[in-house]
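1. Got a predicted structure plus its sequence, pasted below:
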Amino acid sequence: MRIALFTDSYLPTVDGVVTSVLTTRRQLETDGHEVVIFAPEDPRRRGVREAGTVYVRAKEFHHYPGYRLAMFPGREVDLIKDLGIDVIHIHGVGFVGIKGLWASWQAKVPRVSTFHTMIHDTLPFYSPFGLNLHLLERGLRFYLRIFLRKTQGVVVPSRAVLNEIMALSPLARIADVIPTGVDPDRFRPDLSGQSVRTKWGLNGHDVILHVGRVAAEKNLTTLIHAFPKVKEANPDTKLLIVGTGPYLEKYYDMVRHLGLSGDVIFTGFVADAELPRYYAAADAFAIASKFETQGLVVLEALASGRPVAGANYRAIPEFVQDGVNGALFEPNDVRGCAEAILRCLKQRDEMRDPARESALPFSIERCTRRLEHVYERLVAG
């Protein structure tokens, strides 16, 4: 099968959508399919080209660094016809997502869309207009309702998102609930994280890990403010924050203000190939985000045998079972967050195997196989 993936978010930006697109592409190609990605070009990296990727001319979205708007006309329809594409899979609801819809209509190729991001949740942080936020959100919800109705099938990454989508757009045709799978051969408990511990001076310490884009919607504020309470009970603990993003400087300042500079470590960007060793270097994983439609990092932590202290919100409680493979807390509850982290540290050994076992049903191989069934149904008509 020849499959085109249309995404509004792509390298060099690294986020959950990009990881999902790349992971899905690798597994589809392993399964014998031909895959081409349509993605916004980074204006600063013109000339940098990756095989199997069509770059759509775009401009920077200055209100959210790292994201591009592919608002210019392109040749997507002709390319879809020339490449003999069998199915279009849209990852995003921005300009590239619209191009995917248009190419599907014009080339008469079936289309499916994965709804990754509750973008209306980001408006308080990144609104580019001086408009009333309530009016802007209403307009965005109306747009999403229409967009979702125009796809022949909507894949959602969790049941929590399924419920929200059905409330937002009752006429949307749900294809399936399929999270982005995790690779249990890459993320596993028997890896050594010693090189990471040595690099960051973590030997002899309990390590709490957070992986993700350093952005306002990830609610790192709660995690950072909870950390002094963790250290009160367990003085040898360190917090390792992996990733980069628009709020990095703000969180640097917050950590300095709280007197935690030696205990909260920001690694910046870490290459995907190195990530498994960072999980291996940790004793527990923590995430306070209310933004997760799935939280692939949660599955990576669990597959690595690391218990997860996670916000009891949206998709996270679908993967984290309190007292079994981690601990849940209310998203803005600083004390509850600290207590959940301490429970994970205390019970890390007994939670190790259940954490690993809970991730295995969501392997990339199994999840991609289910996605292939969706494609086959669409192509069969």
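-> Noted; the coordinates are in hand.
2. CA atoms for contacts and neighbours, from now on please.
-> Will do.
3. What are the phi and psi values at the nearest residue to Val264 once chain neighbours are set aside?
-> Using Cα to Cα, 6 or more residues apart in numbering and skipping the chain neighbours, the partner closest in space to Val264 is Leu239 (4.7 Å). Leu239 adopts backbone torsions of phi -110, psi 120, taken as degrees, to the nearest 10.
4. And Ala4, by the same measure?
-> phi -110, psi 130.
5. Kindly state the pLDDT recorded for it?
-> We note a pLDDT of 98 for Ala4 in this prediction.
6. Just after the one helix or strand Ala167 maps to, pick out the following helix or strand.
-> If you go by DSSP states H and E, Ala167 is part of helix 159-168. As assigned by DSSP H and E, the chain's next helix or strand after helix 159-168 is strand 174-177.
7. Output the contacting helices and strands for that following strand.
-> strand 154-156 (3 or more Cα pairs under 8 Å, 6 or more residues apart in numbering; DSSP states H and E).
8. What pairs with the strand it packs on, parallel or antiparallel?
-> Strand pairing for strand 154-156, using DSSP bridges, gives strand 111-114 (parallel), strand 174-177 (parallel).
9. now the last one, how far from the chain's geometric center?
-> Taking the mean of its C-alpha atoms, strand 174-177 sits 18 Å from the chain's own mean (Cα atoms, centre = their mean, to the nearest Å).
10. OK, contacts around the residue nearest to Val264?
-> 207-210, 227, 263-265 (Cα atoms under 8 Å, 6 or more residues apart in numbering).
11. how about 6 Å then?
-> 207-208, 264 (Cα atoms under 6 Å, 6 or more residues apart in numbering).
12. Report the beta-bridge partner residues of it.
-> Ile208, Val264.
13. okay, it: pLDDT?
-> For Leu239, pLDDT reads 98.
14. swap in Val48?
-> 67.
15. now do the one 10 residues further on
-> At Ala58, the model reports a pLDDT of 90.
16. chain center to the helix holding Ala167: distance?
-> So, by Cα atoms, centre = their mean, the centroid of helix 159-168 is 18 Å from its chain's centroid.
17. got the residue ranges for the helices in the stretch 101-250 of the chain?
-> With helices called from DSSP state H, counting those that start in this stretch, the stretch 101-250 of the chain shows them at 123-126, 133-149, 159-168, 194-199, 220-233, 248-257.
18. Lys238 contacts Leu209, correct?
-> No. Counting by Cα atoms under 6 Å, Lys238 stays clear of Leu209, with 8.6 Å between them.
19. Quick check: which ranges of the stretch 1-150 of the chain have low pLDDT?
-> The model of the stretch 1-150 of the chain has pLDDT under 70 over residues 46-48, 62-65, 119-133.
20. Now do the SS call for the nearest residue to Asn325 once chain neighbours are set aside.
-> The spatially closest residue to Asn325, leaving aside those adjacent along the chain, is Ala355, at 4.6 Å (Cα to Cα, 6+ apart). Secondary structure, DSSP: H, G, I helix; E, B strand; the rest coil: Ala355 is helix.
21. Now do the contacts for Ala355.
-> 302, 305, 325.
22. Can I get the residues you listed in JSON lines including distance to Trp105 and neighbour count?
-> Output for those, formatted as JSON lines (distance: Cα to Cα, whole Å; neighbours: other Cα atoms under 10 Å):
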{"residue": "Leu302", "distance to Trp105": "41", "neighbour count": "34"}
{"residue": "Gly305", "distance to Trp105": "45", "neighbour count": "30"}
{"residue": "Asn325", "distance to Trp105": "45", "neighbour count": "27"}
